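Asks: My questions are about this predicted structure, shown below with the sequence.
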Amino acid sequence: IFSGMFFHEFGIVGPLILIAYDLYFEKRLKSIKSWTTRFVFAATIPTYLIIRAFSNSHWSGGDYSYSLFHLPFNIAGNLLGYVAIILFGTWGMEFTQLLRETLRSNIMGALGFGVVGLVVLFVLGAFLKKKKFYTRNMFFGITFFVLSLLPFLGFGNITFRYSYLPSVGLLLFLGAFFDFVISKIS
């Protein structure tokens, strides 16, 4: 956790990923020791933000600002975009930019696209919920993916350099998903 403070935004997402791992996989959910550990992890986040403030690093403004009106659209578009560039590389980036430009000019289409996406996610989640082992591993992969992208989801653009750590979460999800599919086939 301490070394994560020296890497771009990992001081924020590192503790959250460790807390998520603890919540998904540790059996000691109600013990005082586990809650103390989670509190210590979470307490490092304000420390990281204070260090950033005193070092005069980019805090807000320019490319690092969020538009509250565009925030839900940016989050949905960036999640889809990072999945596309992790799975398909530069082709995924081109597809995402085309989709973003198309939906930017058609807000109702973007809302419809978002509703359909949420319905698909809920149906998939309900289907997978029956198998607790696979579901836990898949949901941790998704959680890892989203948490590692958390500082960048509100931006109005995507870039390859922010996809490195989230790709680990997506690979964890895909590994658990294919393990689930193979167990059903064989």
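Replies: The structure has been received and is ready for your questions.
Asks: how near is the most centrally placed residue in the chain to Tyr82?
Replies: Computing the C-alpha centroid of the chain and ranking residues by C-alpha atoms, centre = their mean puts Val146 first, at 0.9 Å. Distance from Val146 to Tyr82, counting by C-beta to C-beta, to the nearest Å: 10 Å. Yep, even glycine has a C-beta here, placed from its N, CA and C like the rest.
Asks: Could you list the low-confidence segments of this structure?
Replies: Counting by pLDDT under 70, the low-confidence segments of the chain come to 1, 4-6, 8, 27-32, 57-67, 128-134.
Asks: which stretches of it form helices?
Replies: Taking DSSP state H, the helices of the chain run over residues 10-25, 32-54, 71-88, 90-104, 107-128, 132-149, 164-185.
Asks: Let me have those helices in a markdown table, extended by distance to Phe155.
Replies: As requested, the helices of the chain are exported to a markdown table (distance: least, C-beta to C-beta, whole Å):
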| stretch | distance to Phe155 |
| --- | --- |
| helix 10-25 | 15 |
| helix 32-54 | 17 |
| helix 71-88 | 6 |
| helix 90-104 | 12 |
| helix 107-128 | 17 |
| helix 132-149 | 10 |
| helix 164-185 | 14 |
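Asks: re the thing from before, which residues do Val146 and Tyr82 both contact?
Replies: Shared contacts of Val146 and Tyr82 (C-beta atoms under 8 Å, 6 or more residues apart in numbering): Pro166.
Asks: Buried residues of stretch 72-82, list them for me.
Replies: Across stretch 72-82, burial judged by 16 or more other C-beta atoms under 10 Å covers Phe73, Asn74, Ile75, Ala76, Gly77, Asn78, Leu79, Leu80, Gly81, Tyr82.
Asks: quick one: contacts for the fifth one?
Replies: Think Gly77. Counted by C-beta under 8 Å, 6+ apart, Gly77 has contacts Thr96, Leu99, Arg100, Leu103, Ile158.
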